[in-house]
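Q: Provided below for reference: sequence and predicted model.
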Amino acid sequence: MSASEVVTKYKTDNCNPKTDVSGKEIFHFLHIGKTGGTAVKYTLMRDLILLEDGGRNNRGTSIVSLPDMPYILKLHSHSITLKDIPEGENLIFFLRDPISRFVSSFYSRKRKGMPRYFFEWHPEEKAAFQKFETANELACSIMSEDSKTSDAAVKAMKSVFHVNTSFWDWFENKEYFLSRISDIFFIGFQESLDHDFERLKMKLGLPDTVTLPTDNVEAHKGGYSDSEQFLEEKAIKNLEKWYAKDYEFLKLCRKIMLPGDNHDKSN
């Protein structure tokens, strides 16, 4: 079956919310901000057959597959959470150390998402970046003895996109997350993105030709200087407290993963 035939068949026959009429299983890629998801989605949309396009800036859900694949992949935007995924369908997501994610989030929004995207600051973000030049300055100011400084920092932490999100925004709460463990097919990490993506390819049976982008723009990677990435000890301690619940989620995910491997319910 040709690529065009696959697309035509999907668009004309797909009417079942869990599988299309050809019986293909559904895998969902949940896109948690600043965890490497853009690179993963870009790769799958480039190297597989695009059945549905998520639209401008991938704000919708894109669907991909291949003629000989027994499944389709639904690549979701940031707005889709675990509760939006039907129970019993397969879940894939990547995580990242919360402090590293904070630094990436800060500078991504400081440059308004460029060069891959462009999202203008909203007024609260503009105020945050006028007040705090670096991620370190913002993090150090969270617990400042000067109330005006600490108030401004807390407001910035709650206003800057991605900085103001928690892993739990996608997974509701511990009780609900644990109730969906059987749906988790794979958990990867941004820190080991290349390695983990290769493992995901193997588990999904993707061809070797499917490879992550090496271009920083395509991967939506930020080229941060050492000085930008630097965090004082005070900043690190403040961020550990601020993102304490995210570290709990990270620990929980590592617990449910198979020893020495990513979580894979197919084993």
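A: Happy to help now that I have it.

Q: the closest residue to Gly33 other than its chain neighbours - how many residues pack around it?
A: Leaving aside its sequence neighbours, Gly33 sits nearest to His162 (C-beta to C-beta, 6 or more residues apart in numbering; 4.5 Å). (C-beta placed from N, C-alpha, C; glycine too.) His162: 18 surrounding residues under other C-beta atoms under 10 Å.

Q: distance of His162 from Phe230?
A: His162 is 20 Å from Phe230, where distance means C-beta to C-beta, to the nearest Å.

Q: kindly report the same for Glu133.
A: Here the criterion is C-beta to C-beta. By it, Glu133 lies 13 Å from Phe230.

Q: extract the CA atoms of stretch 89-99 and return them as CSV.
A: The C-alpha atoms that make up stretch 89-99 are tabulated as CSV, following Å, rounded to 0.1, in the frame of the first residue of the first chain:
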residue,chain,number,x,y,z
GLU,A,89,-4.5,3.1,25.2
ASN,A,90,-0.8,3.2,25.1
LEU,A,91,1.1,6.2,26.6
ILE,A,92,4.6,7.5,25.7
PHE,A,93,6.2,10.5,27.4
PHE,A,94,9.6,12.1,28.2
LEU,A,95,10.6,13.8,31.4
ARG,A,96,13.5,16.1,32.5
ASP,A,97,15.2,17.2,35.7
PRO,A,98,13.0,20.0,36.9
ILE,A,99,15.9,22.5,37.5
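
Q: show me what the host helix or strand of Lys245 is packed up against.
A: Assessed by DSSP states H and E, Lys245 sits inside helix 244-256. Packing partners of helix 244-256 (3 or more C-beta pairs under 8 Å, 6 or more residues apart in numbering; DSSP states H and E): strand 90-95, helix 98-110, helix 168-171, helix 174-179.

Q: wait, which of these is closest to Val210?
A: Closest to Val210 of the helices and strands packed on helix 244-256 is strand 90-95 (C-beta to C-beta; 14.1 Å).

Q: for the closest one, which strands pair with it and how are they oriented?
A: Strand 90-95 pairs in its sheet with strand 25-30 (parallel), strand 184-189 (parallel), by DSSP bridges.

Q: can you give me the buried ones in the last one?
A: By 16 or more other C-beta atoms under 10 Å, the buried positions in strand 184-189 come out as 184-189.

Q: farthest pair in those residues?
A: Phe185 and Phe189 (15.2 Å).

Q: helices of the chain, start to end?
A: 3-13, 37-47, 98-110, 123-131, 135-141, 147-157, 168-171, 174-179, 193-204, 216-219, 226-229, 233-242, 244-256 (DSSP state H).

Q: just send the strands paired with strand 90-95 back as CSV, with mean pLDDT and distance to Glu248 too.
A: Below are those laid out as CSV (pLDDT from 0 to 100; distance: least, C-beta to C-beta, whole Å):
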stretch, mean pLDDT, distance to Glu248
strand 25-30, 97, 19
strand 184-189, 96, 15
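
Q: save those strands as CSV, and put in distance to Tyr247 too.
A: What follows is the strands paired with strand 90-95, written out as CSV (distance: least, C-beta to C-beta, whole Å):
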stretch, distance to Tyr247
strand 25-30, 19
strand 184-189, 14
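
Q: what's the burial count for the nearest residue to Ala156 once chain neighbours are set aside?
A: The spatially closest residue to Ala156, leaving aside those adjacent along the chain, is Ala128, at 3.6 Å (C-beta to C-beta, 6+ apart). Using other C-beta under 10 Å, Ala128 has 24 neighbouring residues.

Q: one step back: can you list the helices and strands packed on helix 244-256 in JSON lines and add mean pLDDT and distance to Ala244?
A: As requested, these are exported to JSON lines (pLDDT from 0 to 100; distance: least, C-beta to C-beta, whole Å):
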{"stretch": "strand 90-95", "mean pLDDT": "98", "distance to Ala244": "15"}
{"stretch": "helix 98-110", "mean pLDDT": "96", "distance to Ala244": "9"}
{"stretch": "helix 168-171", "mean pLDDT": "98", "distance to Ala244": "11"}
{"stretch": "helix 174-179", "mean pLDDT": "98", "distance to Ala244": "14"}
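
Q: right, and those - which one's nearest Ile26?
A: For Ile26, the closest of the helices and strands packed on helix 244-256 is strand 90-95, at 6.7 Å, according to C-beta to C-beta.
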